[in-house]
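Asks: my questions concern the predicted model and sequence given below.
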Amino acid sequence: MSFSGVVFDFNGTLFWDTSLHNKAWDIFLTRYGLSLSDEDKFSKMHGKNNKDLFISLFGKPLAEEEIQKYILEKEGLYQELCLQTDMVLAPGATDFLDFLKDNDIPFTIATASGKENVDFYFGHLPLTRWFEYDKIVYNNGKIKGKPDPQIYLMAMDIIGRKPGEVIVFEDAVAGLQSAKNARAGKIIVVNSNGDDYTDWKDCQIIRNFDEVDRTQFMPR
């Protein structure tokens, strides 16, 4: 079976930053007398919108001003940690993105990150080599969070492809379920953090984008 479009999750997929998010969360949670294991972060947090996360963490309704304060605080910690690293894309990602671009296979990003992080990524990673900012689907405060399929359906619409024609690359449980709910033609799990994907063993699991079979792609 061939596919003619690609949608990428970003965090933990194209940019392997899971450990940095976990560390930022640990610092944030400690400040507020809270804690979560990395396993809980993987199963309950990764891939979800910050607004939903903060309401769940604090276990009560939060005013929009409170939510924005917490988002900027946590993501500020995360960005500081990112800047202490080399900030490079996932193994094999550059060559794979070049392949898609050179073969006129449309692709974009569907991320639960908010604008504060998307701006940061475009400022510190060479994303403009492959992506147009206004064609990225991100958490703008209106999109339903993963595992709802909305974000992937919007991304598929942007690249002009039907769900069955698209391969989705994801790492988070919520995101994998979102792609499944969107009826993506194929889902490839990116295991960037050595997590347990037992429930997704029917999907191909990769550790490097060089592992992706280029022959399954066909421009429409």
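Replies: That came through fine. Numbers count the residues shown, from 1 in each chain.

Asks: what helices or strands is the helix ranked longest in the chain leaning on?
Replies: As assigned by DSSP state H, the longest helix anywhere in the chain is helix 64-82. With contacts defined as 3 or more CB pairs under 8 Å, 6 or more residues apart in numbering; DSSP states H and E, helix 64-82 has these neighbours: helix 18-31, helix 50-58, helix 115-124. Where C-beta positions appear, they are placed from N, C-alpha and C, glycine not excepted.

Asks: tell me what the helix or strand harbouring residue 187 is packed against?
Replies: Assessed by DSSP states H and E, residue 187 sits inside strand 186-190. Packing partners of strand 186-190 (3+ CB pairs under 8 Å, 6+ apart): strand 166-170, helix 173-181, strand 204-206.

Asks: just how off-centre is the last one within its chain?
Replies: So the one you mean is strand 204-206. How far strand 204-206 lies from its chain's middle: 16 Å, per CA atoms, centre = their mean, to the nearest Å.

Asks: before we move on, back to that, where among the helices and strands packed on helix 64-82 is average confidence lowest?
Replies: For those, mean pLDDT drops lowest on helix 50-58, to a mean of 84.

Asks: who touches stretch 126-133?
Replies: The contact list for stretch 126-133 (CB atoms under 8 Å, 6 or more residues apart in numbering) reads 89, 97, 98, 100, 101, 107, 108, 109, 118, 121, 122.

Asks: can you list the domains in this structure?
Replies: 5-16+90-217, 18-83 (the TED database).

Asks: good, we can wrap up now.
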